[in-house]
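J.: sequence first, predicted coordinates after that:
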Amino acid sequence: MKMRILFIGDVVGAPGRGAVARWLPALKQKHAIDVTILNAENAAAGRGITAALAEELFSAGADGITLGDHVWDQKDLIPYLSKEPRILRPANLPPSTPGRGCATLETPRGPVTIISLLGRVFMGLPADCPFRVVDALLSSLPKAHGPVLVDMHAEATSEKVAMGWHLDGRVSAVVGSHTHVQTADETLLPKGTAYLTDLGMTGPTESVIGRTVESVLLKFRTGMPSKFDVATGAVVLQGAVIEVRTETGKALSIARIQEKDA
């Protein structure tokens, strides 16, 4: 049996949430999507996510949500993480951290497992080695775990590429998030893992990775502090569609997608 998975790149603020609500239903129908996962660590005005906004995205059609280095920016999320299995913080944060970084979710097409990882190169949060942590997680998965999807939330492309090779043949897909710029290197690795360095961004197009152009330019030009507000206007939704054979967990295809205001 085949499973078709839609993985959506970083959702930024109200514009990004609006793009999900606007395009996700049609995308699921167009691509015959069985499972939808999205990275939403910038969903709350560009910094983290709240419990209410997570519920909004689940209502819009998301089956799972991954986070990243802004996971603790909204304090009301902490109790929600402990009770909602469909939202994941990075698995390689300290062991006492609330929430979970790996979850097996039941879907109409069978189980699917999601793992969230945080890179350590140029990233601010204290984190254990993602390579060692993911090895331990894979060795402890239940037998009926289904396809395994890994969100590698990292700044350095080299760290993401290395994770793809590290997990080739052991997971169904490794996709990157965090940089908000969609890469064009989607591929099937030799042992059957789908790979993409960055899914891209779901948010305002006339921006610097989702923030107002003027505020970011001020910071670059002068070095002075600047409030990076989420931009407004036209939006884009980016991500990838991954097809997996459930019996083997091997990926059959991966294709970038983009919906964009004219």
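T.: Now that the structure is in, tell me what you want to look at. Residues are numbered from 1 along each chain as shown.

J.: quick one: the residue of the chain positioned farthest from its centre and Thr104, what's the gap?
T.: Computed with Cα atoms, centre = their mean, the residue of the chain farthest from its C-alpha average is Thr222, at 32.3 Å. Using Cβ to Cβ, to the nearest Å, Thr222 is found at 49 Å from Thr104. Where you see a C-beta, it was placed from the backbone N, CA and C, and this is true even at glycine.

J.: quick one: the strands in this structure?
T.: 2-8, 10-11, 35-39, 64-66, 87-88, 102-107, 110-118, 148-153, 173-177, 187-188, 194-196, 201-204, 235-245, 251-260 (DSSP state E).

J.: adding mean pLDDT and distance to Arg47 as columns, could you present those strands in CSV?
T.: CSV is the format used below for those (pLDDT from 0 to 100; distance: least, Cβ to Cβ, whole Å):
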stretch, mean pLDDT, distance to Arg47
strand 2-8, 98, 19
strand 10-11, 98, 12
strand 35-39, 98, 14
strand 64-66, 98, 15
strand 87-88, 98, 16
strand 102-107, 95, 24
strand 110-118, 97, 16
strand 148-153, 98, 15
strand 173-177, 98, 15
strand 187-188, 98, 32
strand 194-196, 98, 25
strand 201-204, 98, 13
strand 235-245, 98, 18
strand 251-260, 98, 24
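
J.: could these go into CSV alongside mean neighbour count and distance to Pro95?
T.: Shown next, in CSV, are the strands of the chain (neighbours: other Cβ atoms under 10 Å; distance: least, Cβ to Cβ, whole Å):
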stretch, mean neighbour count, distance to Pro95
strand 2-8, 23, 27
strand 10-11, 31, 26
strand 35-39, 27, 23
strand 64-66, 26, 19
strand 87-88, 26, 15
strand 102-107, 16, 13
strand 110-118, 25, 14
strand 148-153, 28, 19
strand 173-177, 29, 23
strand 187-188, 15, 34
strand 194-196, 28, 28
strand 201-204, 30, 31
strand 235-245, 24, 30
strand 251-260, 17, 31
